[in-house]
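J.: sequence and predicted structure are below.
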Amino acid sequence: VYKYFSSTKTRFQRIPNSFSFATMFFKGLTVSGTCSDWVSFTQNNVLLPFDNLYFSKVATVFQYYNYDSKITYNYTTTCIDRDVISELISSLQSGLPFEGNCDGNTWRVFTCNKERVFCVNC
């Protein structure tokens, strides 16, 4: 599991002109990407320096393991809808809830236990 996480994280970090955040929660432990790392990322890394700039794409990779079926699930999705991305980024920064549809997927930002959460199809 960690090998897949690490290789995916490296692949995303190597994309030019991009920002990436990775977190791994395994067997009750945050192995990488803590809550404070996430807060720092949403408050600092996704701020654009000029009003005429925008994010053109958001890509995600999620993986989870079902202990009952012993199956690992991987889910990758991309959004290129400029309006959805703009609202998503704004919500990540402000903490206001957001739900938008992009390429048949539901992208959400909400607060759970006083922490900002981002998910796709959740």
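T.: Sure thing, it's come through. Numbering: from 1, shown residues only.

J.: rest of the way, CA atoms for contacts and neighbours
T.: Fine.

J.: so the residue lying closest to residue 72 once chain neighbours are set aside, which state does it fall into?
T.: Spatial nearest neighbour of residue 72, excluding adjacent residues (Cα to Cα, 6 or more residues apart in numbering): residue 65 at 4.3 Å. Three-state call for residue 65 (DSSP: H, G, I helix; E, B strand; the rest coil): strand.

J.: residue contacts, residue 65?
T.: Neighbouring residues of residue 65 by Cα atoms under 8 Å, 6 or more residues apart in numbering: 71, 72, 73.

J.: can you read off the pLDDT for the spatially closest residue to residue 115 that is not a sequence neighbour?
T.: Nearest residue to residue 115 in three dimensions, chain neighbours excluded: residue 35, at 7.8 Å (Cα to Cα, 6+ apart). Residue 35 carries a pLDDT score of 88 in this model.

J.: cool, the one 5 residues further on as well?
T.: According to the model's per-residue confidence, residue 40 sits at a pLDDT of 90.

J.: could you do residue 31 as well?
T.: Taking residue 31 on its own, its pLDDT is 88.
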